[in-house]
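[1] coords please:
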Amino acid sequence: MSYGIEFVPGNITVKQVVNYCKLAESKDIDFAWITNHYNNRHCYPTLAAIAQETTTLKMGPGIMNAFTDTPAAMASFACTLNEISDGRAVMGIGPGDLSTLPKLAINPEKPVGRLEEAVVQMRKLWGGEEVKKSGMKFFDYDGAKLTGVSLPGKKGIPVYIGAQGPKVLELAGTIGDGALINASNPKDFDVAIPIIKAACEKVGKKGFDIGAYTAMSIDMNEKKARNAAKIVAAFIAAGSPEPLLQRHGLDLAKVANIKAALAKFDFKTAGENVDDATIDAFTIAGNPDTVKQKCEDLLKSGVTQIIFGSPLGPDMVNSIRLLGKYVV
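    Here you go, the predicted structure:
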């Protein structure tokens with residue numbers, strides 16, 4: 001079992017992220033995952049700064065995609081981060097945010113095939129190969145090779161696939177070393193884990209790391225913790241397909257109200273429509289006893305890495321300390 005933590009360098013600075021990561025490392029948290037959004041501070045220099053200020057923490061982007069970044073660029077970055085961190089780099093990569101990419105004038109066609117080719121080519125490049133044409137559809141490199149970076153050797157760099165739908169979950173089990181699954185409730189892992197395990201068994205893979213990329217909010221005061229999780233739960237509910245909402249028995253009318261309110265940036269009304277069932281479906285929120293029990297429930301479902309994701313709680317420093325004391 002391992003634990004990770006997510007930071008979004010949007011409302012917090014790079015220096016703050018680094019300090020939070022140092023605190024997380026002191027609390028025996030194993031991984032730091034830094035989000036990748038074009039409108040925030042870039043994850044690459046943020047990760048490099050973390051690498052220089054920590055000693056045991058593993059770190060990587062959570063997550064890159066092969067629409068905004070090429071496999072060659074990501075491979076070069078991963079090798080550079082691995083060098084700076086003395087072998088602690090990991091690579092999170094997924095099909096891409098299909099709601100964001102069109103805003104960047106990117107048509108996200110065939111995201112699963114593109115993701116698969118990107119992982120294959122990255123591994124060849126950081127394995128020291130000269131990658132020649134092979135008939136690939138998206139990244140058919142013609143003599144590409146990393147020549148000015150320190151390569152990670154035979155062990156390579158662990159690849160974690162950001163996965164939600166069945167096709168990407170299957171791909172994760174087939175080609176990944178781990179998966180990052182945006183979910184906080186065992187019901188969702190009861191659906192996802194069998195797909196991953198079947199894919200792993202098909203290729204004879206063992207030791208796959210199943211990461212629960214949770215929306216976490218912890219505080220000694222249960223009410224404060226749950227209030228801090230409301231807006232995150234609102235956004236998740238608004239973006240969830242109806243079958244997922246039905247899986248958790250949520251009130252579809254309330255979810256419709258949440259969607260309408262968020263579309264108008266009316267966060268007050270959105271929050272008023274987030275009930276306890278919605279918070280419990282999409283977040284882990286409460287006092288240390290509540291959070292610890294919910295994390296244990298995830299472990300029983302087959303999760304092997306719990307990632308403490310945004311918002312963490314009403315006070316980020318206090319939340320990290322509480323997670324280290326009561327959960328890790």
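
[2] quick one, strands of the stretch 51-200 of the chain?
    Defined through DSSP state E, counting those that start in this stretch, the strands belonging to the stretch 51-200 of the chain, from first to last, are 58-61, 64-65, 91-94, 159-162, 178-181.

[3] That should have said the stretch 201-328 of the chain, apologies.
    Ranges of strands in the stretch 201-328 of the chain, per DSSP E, counting those that start in this stretch, are 209-218, 284-286, 305-312.

[4] So, low pLDDT: which residues of the protein?
    Scanning the chain for pLDDT under 70 picks out no residues.

[5] Quick check, central residue of it?
    Residue closest to the mean C-alpha point of the chain, counted by C-alpha atoms, centre = their mean, is residue 62 at 4.4 Å.

[6] Phi and psi next, for it.
    phi -130, psi 70 (degrees, to the nearest 10).

[7] So it is in contact with residue 47, correct?
    No - under the criterion of C-beta atoms under 8 Å, residue 62 makes no contact with residue 47, lying 10.0 Å away. (Glycine included, C-beta is placed from N, CA and C.)

[8] measure stretch 127-139 end to end?
    17 Å (C-alpha to C-alpha, to the nearest Å).

[9] got the buried residues for that stretch?
    When neighbours are counted by 16 or more other C-beta atoms under 10 Å, the buried residues of stretch 127-139 are found to be 127, 131, 138-139.

[10] what sits up against that stretch?
    If you take C-beta atoms under 8 Å, 6 or more residues apart in numbering as the criterion, stretch 127-139 is touched by 66, 70-71, 110, 113-114, 117-118, 120-121, 124-125, 140-146, 151, 154, 156.

[11] mind running it again at 7 Å?
    Applying C-beta atoms under 7 Å, 6 or more residues apart in numbering, the external contacts of stretch 127-139 come out as 71, 113-114, 117-118, 121, 124-125, 140-145, 151, 156.

[12] Please save the CA atoms from stretch 305-313 in CSV.
    What follows is stretch 305-313, C-alpha atoms only, in CSV (Å, rounded to 0.1, in the frame of the first residue of the first chain):
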residue,chain,number,x,y,z
GLN,A,305,-2.5,3.6,-3.8
ILE,A,306,-4.7,6.3,-2.3
ILE,A,307,-4.1,9.8,-3.6
PHE,A,308,-5.2,12.6,-1.5
GLY,A,309,-6.6,15.1,-4.1
SER,A,310,-8.1,18.6,-4.0
PRO,A,311,-9.3,20.3,-2.0
LEU,A,312,-7.6,18.4,0.9
GLY,A,313,-9.6,20.5,3.4
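
[13] quick one: buried residues of it?
    Using 16+ other C-beta under 10 Å as the burial criterion, the residues of stretch 305-313 that qualify are 305-313.

[14] re the thing from before, quick one: which of the contacts of stretch 127-139 is nearest to residue 32?
    Closest approach between those and residue 32, by C-beta to C-beta: residue 156, at 19.7 Å.

[15] one step back: what sits in contact with each of residue 62 and residue 47?
    Common contacts of residue 62 and residue 47, defined by C-beta under 7 Å, 6+ apart, comprise residue 34.

[16] Settle this for me: residue 172 is touching residue 161, isn't it.
    Yes - contact between residue 172 and residue 161 holds when scored by C-beta atoms under 7 Å: they sit 3.6 Å apart.

[17] so what's in contact with those two at the same time?
    With contacts taken as C-beta under 7 Å, 6+ apart, residue 172 and residue 161 have residue 179 as neighbours in common.

[18] hmm, back to that, nearest residue to the residue nearest to the centre of the chain other than its sequence neighbours?
    Counting by C-beta to C-beta, 6 or more residues apart in numbering, residue 62 lies nearest to residue 33, which is 3.1 Å off, once chain neighbours are set aside.

[19] The one you found belongs to a helix?
    No - membership of residue 33 in a helix is not supported by DSSP: H, G, I helix; E, B strand; the rest coil, which gives strand.

[20] Next, count neighbours for it.
    For residue 33, the neighbour count with other C-beta atoms under 10 Å is 29.

[21] residue contacts, the closest residue to residue 80 other than its chain neighbours?
    Of all residues not flanking residue 80 in the chain, residue 149 sits nearest, at 5.9 Å (C-beta to C-beta, 6+ apart). By C-beta under 7 Å, 6+ apart, the contact set of residue 149 is 76, 79-80.

[22] I'm done for today, thanks for sticking with me.
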